[in-house]
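S.K.: have a look; sequence and predicted model below, questions after that.
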Amino acid sequence: MNTTDIMDTTLDESAYAYYGYYSDTNIPKPCTKEGIKAFGELFLPPLYILVFLFGLLGNSIVVLVLFKYKRLKSMTDVYLLNLAISDLLFVFSLPFWGYYAADQWIFGIGLCKLISWAYLVGFYSGIFFIMLMSIDRYLAIVHAVLSLRARTLTSGVITSLITWSVAVFASLPGLLFSTCITERNHTYCRTEYSPNNATLLKVLSSLEINIVGMVIPLGIMLFCYSKIIRTLQHCKNEKKNKAVKMIFAVVVLFLGFWTPYNIVLFLESLVHLGVLQDCTFERYLDYAIQATETLAFVHCCLNPVIYFFLGQKFRKYIIHLFKTCRGSFMFCQYCRLLHSYSPDTPSSSYTQSTIDHDFHDAL
């Protein structure tokens, strides 16, 4: 089950019956869920718009800071840029889903496929780049000397291209199987599988999100950050607490915002397999899908917040950016983005990135 299928359950089929491919009269009819669509119409659009606005604002600032001040000098800067682009790609799909939640799909089959695909590409790539940044932190701190050759701008570009390729490949079901369907004068954009293997494909899609989008990245992050904390504990430096706080914030926020969503997806897989067949439980599960999915969306707004409050250099750049623009950065025509600004004087031939300074200052 992919994230587009969640829209199907909560916005499309819930108003009538659950899973339209039940056509055999010998199969018991699934329970109806008339109230779920009404709940989604009230609950989802304003939250999607808020996430869109804050995600667009925060990640646009990150992109401006990286281009104006850092000029993409290291692997970490490349990952930060790609993470911001991933979040922007993800949030750009939310206005479409917000309108869809409030009414119906009016944008045609082409945009149905494109938005479903972009949604999933942003979803996977965002998580992958968080994972890559964890690996980058691990190399920079645990293997600081040996990593100087590996953590280059070229390596960052190559691994980023590979990451985008994996994200695009993992998101292909959203492009291939999404379609527009009109039922009872209502148009839906949803994933449609062949009736012969619909249940299997929905379950495999849910497992893909859980394993590729949660279990593997989380395992890598926990390994990297456990090694980082162990290394920092041996450093007699009062600033190491700042690095530990950032590590703790990244892991806790990732767990807090994505774990409930993945747990609900796993339970949804059990419903597809017929392991859980209680109608009341299914209704509550659909409400949980809406709530936890929206909670997961909020995570894309939080990365800039982490950089601002826990990254001293990054906060300095953002404040200087707003002072330069003298107003809303979105409408400022005199920011002179091509103007070079180097408030930091490198102490060696190896130029650290924004977050590198914060971590190495803590050592």
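M.R.: Ah, there it is.

S.K.: switch to C-alpha atoms for all contacts and neighbour counts from now on
M.R.: Noted.

S.K.: next, count neighbours for Ser226.
M.R.: 14 (other Cα atoms under 10 Å).

S.K.: which elements pack onto the longest helix that the chain contains?
M.R.: When secondary structure is assigned using DSSP state H, the longest helix within the chain turns out to be helix 108-142. The contact analysis (3 or more Cα pairs under 8 Å, 6 or more residues apart in numbering; DSSP states H and E) places helix 108-142 against helix 75-92, helix 147-150, helix 153-170, helix 172-177, strand 178-183, strand 186-191, helix 216-233, helix 354-361.

S.K.: and those as TSV, adding mean pLDDT and distance to Gly274?
M.R.: Formatted as TSV, these follow (pLDDT from 0 to 100; distance: least, Cα to Cα, whole Å):
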stretch	mean pLDDT	distance to Gly274
helix 75-92	88	32
helix 147-150	80	49
helix 153-170	93	26
helix 172-177	86	23
strand 178-183	87	24
strand 186-191	86	20
helix 216-233	87	27
helix 354-361	44	48
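
S.K.: using a markdown table, please lay out the ones you listed together with distance to Leu302.
M.R.: Formatted as a markdown table, the helices and strands packed on helix 108-142 follow (distance: least, Cα to Cα, whole Å):
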| stretch | distance to Leu302 |
| --- | --- |
| helix 75-92 | 10 |
| helix 147-150 | 28 |
| helix 153-170 | 21 |
| helix 172-177 | 26 |
| strand 178-183 | 29 |
| strand 186-191 | 28 |
| helix 216-233 | 17 |
| helix 354-361 | 16 |
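
S.K.: for Met131, find the nearest of these.
M.R.: Smallest distance to Met131 across the helices and strands packed on helix 108-142 (Cα to Cα): 5.5 Å, for helix 216-233.

S.K.: might one say that Glu192 is in contact with Ser178?
M.R.: Yes - judged on Cα atoms under 8 Å, Glu192 makes contact with Ser178 at a distance of 6.2 Å.

S.K.: I'd guessed Gly40 sits against Ala102; true?
M.R.: Yes - under the criterion of Cα under 8 Å, Gly40 makes contact with Ala102 at 7.4 Å.

S.K.: and the pLDDT for Phe331?
M.R.: On the pLDDT scale, Phe331 is placed at 46.

S.K.: what do you get for the one 5 residues further on?
M.R.: Note for Arg336: predicted pLDDT of 48.

S.K.: ok, Thr259 next?
M.R.: In this model, Thr259 is scored at 85, pLDDT.

S.K.: can you report phi and psi for it?
M.R.: Main-chain dihedrals, Thr259, degrees, to the nearest 10: phi -60, psi -50.

S.K.: how about the nearest residue to it, chain neighbours excluded?
M.R.: Leaving aside its chain neighbours, Thr259 sits nearest to Met214 (7.8 Å; criterion: Cα to Cα, 6 or more residues apart in numbering).

S.K.: only alpha carbons, please: show the helix or strand Thr324 falls within as CSV.
M.R.: Thr324 is part of helix 312-325 when elements are defined by DSSP states H and E. This file holds the C-alpha atoms of helix 312-325, laid out as CSV (Å, rounded to 0.1, in the frame of the first residue of the first chain):
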residue,chain,number,x,y,z
GLN,A,312,24.8,28.4,15.2
LYS,A,313,26.3,29.1,11.8
PHE,A,314,23.1,28.3,9.9
ARG,A,315,21.1,30.6,12.3
LYS,A,316,23.7,33.4,11.6
TYR,A,317,23.2,33.0,7.9
ILE,A,318,19.4,33.1,8.1
ILE,A,319,19.4,36.2,10.3
HIS,A,320,21.9,37.9,7.9
LEU,A,321,19.7,36.9,4.9
PHE,A,322,16.6,38.6,6.4
LYS,A,323,18.6,41.7,7.4
THR,A,324,19.8,41.9,3.8
CYS,A,325,16.4,41.6,2.3
